[in-house]
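*Asks:* what follows is a predicted structure for the sequence shown.
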There are 2 protein chains.
Amino acid sequence: MKESKENAVISRATVDRLPLYYRTLKLSQEEGLEIISSDELGRKIGVTPEQIRKDLSAFGEFGKKGVGYYVQELMRNIGEILGLNRNWNIAIVGVGHMGWALANYSNFSSQGFQIRAIFDIDDDKIGRYINEVEIFHIDNMKEIIQKCDIQIGIITVPVAYAQDTANRLVEAGVKGIWNFAPLKINVPANIYVVSEDLSIGLSSISYYLSR
Amino acid sequence: MKESKENAVISRATVDRLPLYYRTLKLSQEEGLEIISSDELGRKIGVTPEQIRKDLSAFGEFGKKGVGYYVQELMRNIGEILGLNRNWNIAIVGVGHMGWALANYSNFSSQGFQIRAIFDIDDDKIGRYINEVEIFHIDNMKEIIQKCDIQIGIITVPVAYAQDTANRLVEAGVKGIWNFAPLKINVPANIYVVSEDLSIGLSSISYYLSR
């Protein structure tokens, strides 16, 4: 039975909710909570308890009827599902304001995401460090990415360079790309891309303010 | 019947999916598509067609059985639901790299989100402009926010100043806050807060790379 669960197709929307569950469980743990009901977890996140039970049931049996979920245990389980129990090596390409902001973002390393290399084309930036991570020229991308065993690339270059950057990252061997350029980039089918659209946060606010 | 739909409680997760539908419909329109099935829309977004039909049914009757959704019509309807058919005036507080990156983010204005004012405490920055928007001292926040009819505030200050910034924004009259500081801020119940956790994009990538 467990196997069939693991082989089931999990929707993208479910996967996108898992980090919210993880984050909320972590906050609950920090508040000293040991057990949480799906009602309470749902209220904190803003989804129905039925949705939570359905999402989690896709991955196995969690929680205890009439009791709730053990916060630490569920957090560890979701962390494992999300691959947060291991380290991921990451490269940022493009040292504009967004690249700089992400290189300084403190939440990444606490979840196992380690920025190992930064790339740019500006000679004034090459050889400098952000948060102890060196900035290299993009012409050295393949060598550095292989040497540092980097699996994920973040694209923060201007839109005109985004596709070329993606091509270089794929050629260098990354398996996942987080794209901040407002452009749909084309990659081979075995590469996983998340395109960030920051307008989504604002859309959610404007929805509620419109009520 | 339409009224009862509007009064129904819509889950946060549904609201968070609407901008994805909107964005995907917009891309489809740009590709010249006039009609799209829930299967095809679901495939592009990564959710099941059932989920799409369920999400949209909360807001009324859309699409035509056996035909699909009219792309432009559905896009307009979702835009109205999200409040994207009107202009929202926005202030950014904190001109670090993230504040600077957001002030330059080109996707906001095309969706009706207009940055009207930027605030900081650094005298070297006050009076300068980013993208034709002036940087003011935070001591002038209340006056500027009321004069410019600003409804939404974006917090990009260091974490130690985030709660104080939220208090000032609320006192000045904003109704919605988009918080980039890694901290749960406390606001009155009538203020809507979205906390941005950029790790979520990476968690989705690490999930897929772990399979």
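*Replies:* That came through fine. Just so it is clear, the model here is predicted, and its values are computed rather than measured.
*Asks:* what domains does the record give for chain A?
*Replies:* Chain A breaks down by automatic domain parsing into domains covering A:2-81, A:88-195.
*Asks:* pick the most buried one from those.
*Replies:* Sort the domains of chain A by mean neighbour count, taking mean count of other Cβ atoms under 10 Å in any protein chain shown, and domain A:88-195 sits at the top with a mean of 18. To be clear about C-beta, it is placed using only N, CA and C from the backbone, and glycine gets the same treatment.
*Asks:* from start to finish, how long is it in a straight line?
*Replies:* In domain A:88-195, first residue to last residue: 19 Å (Cα to Cα, to the nearest Å).
*Asks:* for chain B, which of the domains of chain A is the nearest?
*Replies:* Closest approach to chain B among those is made by domain A:2-81 (2.9 Å; Cβ to the nearest Cβ).
*Asks:* how much distance is there from that closest one to the middle of the chain?
*Replies:* From the chain centre to the centre of domain A:2-81 is a distance of 17 Å (Cα atoms, centre = their mean, to the nearest Å).
*Asks:* touching chain B at all, that domain?
*Replies:* Yes: Domain A:2-81 comes into contact with chain B (Cβ under 8 Å from any Cβ of the partner chain), by way of A:11-13, A:15-20, A:22-23, A:27, A:45-48, A:51, A:81.
*Asks:* how about stretch A:111-125?
*Replies:* Yes: under the criterion of Cβ under 8 Å from any Cβ, chain B is reached by stretch A:111-125 at A:111, A:112, A:113.
*Asks:* so what's the second one up against?
*Replies:* When you say that, I think you mean residue A:112. A:83, A:84, A:85, A:86, A:87, A:88, B:206 (Cβ atoms under 8 Å, 6 or more residues apart in numbering or on different chains).
*Asks:* save the residues of stretch A:111-125 next to chain B as TSV, and put in pLDDT too.
*Replies:* Shown next, in TSV, are the residues of stretch A:111-125 next to chain B (pLDDT from 0 to 100):
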residue	pLDDT
A:111	83
A:112	89
A:113	94
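*Asks:* from those, which land in strands?
*Replies:* Of the residues of stretch A:111-125 next to chain B, the ones assigned to strands by DSSP state E are residue A:113.
*Asks:* scan chain A for its longest helix.
*Replies:* Longest helix in chain A, counting residues (DSSP state H): helix A:12-30.
*Asks:* list the helices and strands the helix or strand that that one is followed by packs on?
*Replies:* Next in sequence after helix A:12-30, counting helices and strands by DSSP states H and E, comes strand A:35-36. Helices and strands touching strand A:35-36, by 3 or more Cβ pairs under 8 Å, 6 or more residues apart in numbering or on different chains; DSSP states H and E, are strand A:69-70, helix A:71-81.
*Asks:* can you give the contact residues for the longest one?
*Replies:* This means helix A:71-81. With Cβ under 8 Å, 6+ apart, helix A:71-81 has contacts from A:18, A:21-22, A:25-26, A:28-29, A:33-36, A:56, A:59-60, A:62-63, A:85, B:207, B:210.
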